[in-house]
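>>> Whatever this is, show me its structure:
(one chain, ligands or ions: 1)
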Amino acid sequence: MNLRVMEKEDLPLFADWANKPEVLGEYNPLHQMSKTEAERIFEESSSIKPFIIEKKDGTKIGFIFHFNVVHTATGTNQLEIGYSLVPDERRKGYGTEALAIMVDYLFLSKDIMRIQAQTDQRNMASQRILEKAGFKKEGTLRNNFFVRGEWTDDHMYSIIRREWKEPKILTKTA
Ligand SMILES: CC(C)(COP(=O)(O)OP(=O)(O)OC[C@H]1O[C@@H](n2cnc3c(N)ncnc32)[C@H](O)[C@@H]1OP(=O)(O)O)[C@@H](O)C(=O)NCCC(=O)NCCS
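Alright, predicted model coming up:
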């Protein structure tokens, strides 16, 4: 499995995935995105960094991204991540591997102390891969997102640099 920075030629597929509730999963907010909008996000937003998850044979099976959450009062930036796999490729270990690679990459390449992720409290798959990657549950954000007609309670997870300690998959010379 490989993580590759998303290129412009991936945009039609990315926009297609972003418009499919079955790819985003039952706990993600519905947000219909035109290819033009996907392109705009890709070209104008310096905050969202999407990566394509590919199998060894090059098949594109999902995406994982990081973005900044700005605490406007202090100007502090938190780094947050999100991910989705196409339904047929779930429960095969790809989510676990993609997340471990992303955590290694972020701690190796950025001067950050913490990576965070928010997930619906019912989303067991997401919570499991976070825990396997060393994230810890910090607490619950009540009525946090409006998803399919209801306000959700979400768990905030994080991993901090001293817990990560060293790369699990990537090497420092990679
Ligand atoms: C979340 C997601 C990326 C997980 O990736 P995945 O490749 O399916 O997960 P893995 O195969 O690596 O499984 C990791 C662990 O989670 C468990 N797991 C996977 N799916 C599960 C499910 N639906 N319910 C309970 N546990 C599940 C696996 O059994 C495994 O645990 P184990 O190692 O103890 O046996 C994937 O389910 C997905 O794309 N979901 C839809 C999008 C989504 O919800 N994104 C997150 C929004 S916060």
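
>>> Show me the contact partners of the strand or helix carrying Gly62.
In the assignment (DSSP states H and E), Gly62 maps to strand 60-71. Here strand 60-71 makes contact (C-beta atoms under 8 Å, 6 or more residues apart in numbering) with 3, 6, 10, 13-14, 17, 23, 47-55, 76-86, 89, 94, 98-99, 102, 106, 115-116. The way it works is simple: take the backbone N, C-alpha and C, and place the C-beta from them, glycine included.

>>> filter these by proximity to the ligand?
Restricting the contacts of strand 60-71 to those within reach of the ligand (C-beta under 6 Å from any ligand atom) leaves Gly82, Tyr83, Ser84, Leu85, Tyr94.

>>> So among those, which ones count as buried?
Buried members of those, counted by 16 or more other C-beta atoms under 10 Å: Gly82, Tyr83, Ser84, Leu85, Tyr94.

>>> Contacts only, for the one residue in the chain that gets nearest to the ligand.
The ligand sits closest to Gly95 of the chain, with a gap of 2.0 Å, by C-beta to the nearest ligand atom. Counting by C-beta under 8 Å, 6+ apart, Gly95 touches Tyr83, Leu85, Ala125, Ile129.

>>> what about the first one, helix or strand, and which?
Mapping Tyr83 onto the secondary structure by DSSP H and E places it in strand 76-85.

>>> from the chain's centre, how far out does that strand sit?
5 Å (C-alpha atoms, centre = their mean, to the nearest Å).

>>> Next, the angle strand 76-85 makes with the helix or strand following that strand.
On the C-terminal side of strand 76-85, the nearest following helix or strand under DSSP H and E is helix 94-109. Put simply, helix 94-109 runs at 150 degrees to strand 76-85, going by axes from the mean of the first three to the mean of the last three C-alpha atoms, to 10 degrees.

>>> Kind regards, and thank you for your time.
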